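Engineer: Show me the folded form of this:
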Amino acid sequence: MASSCENIRWHYIGSLQKKSLNHVLKSPNLTSVQTISKFELIKMVEDRISAELTIMIQINTSGESEKSGFDSEKFDGFFFNTARGL
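Structural biologist: Numbers count the residues shown, from 1 in each chain. This next block holds a predicted model:
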């Protein structure tokens, strides 16, 4: 399929996990990843890519421990102190 669709752009939809990270990031023409829910994965993505990549962040706004996503209060501090340079 890749040879017949050279200009295709890939958008990964799903919760990105460590075990699939390298496979997803090796996809040719990857333009975005939806979603990342852990600080550690943001750093791993940053360390492995050289092209521009749009990422969507999952934030746990309810604060329920059984739901995934960044703690909204912790993420605000992380974003304003660290992620703006990504």
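Engineer: Now do the helices in this structure.
Structural biologist: 18-25, 39-48, 72-81 (DSSP state H).
Engineer: which one of the ones you listed lies closest to Gly63?
Structural biologist: Shortest distance between Gly63 and those, using Cβ to Cβ, is found for helix 72-81: 7.8 Å. Placement of C-beta: from N, CA and C, glycine included.
Engineer: distance between the ends of stretch 10-22?
Structural biologist: 15 Å (Cα to Cα, to the nearest Å).
Engineer: can you check stretch 68-76 too?
Structural biologist: 16 Å.
Engineer: Show me what counts as buried in it.
Structural biologist: Gly69, Phe70, Phe75 (16 or more other Cβ atoms under 10 Å).
Engineer: Could you dump those into TSV with distance to Leu41 and pLDDT added?
Structural biologist: Converted to TSV, these look like this (distance: Cβ to Cβ, whole Å; pLDDT from 0 to 100):
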residue	distance to Leu41	pLDDT
Gly69	12	88
Phe70	10	85
Phe75	13	75
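Engineer: returning to that earlier point: in a markdown table: the helices of the chain, plus distance to Thr31.
Structural biologist: A markdown table is the format used below for those (distance: least, Cβ to Cβ, whole Å):
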| stretch | distance to Thr31 |
| --- | --- |
| helix 18-25 | 12 |
| helix 39-48 | 13 |
| helix 72-81 | 21 |
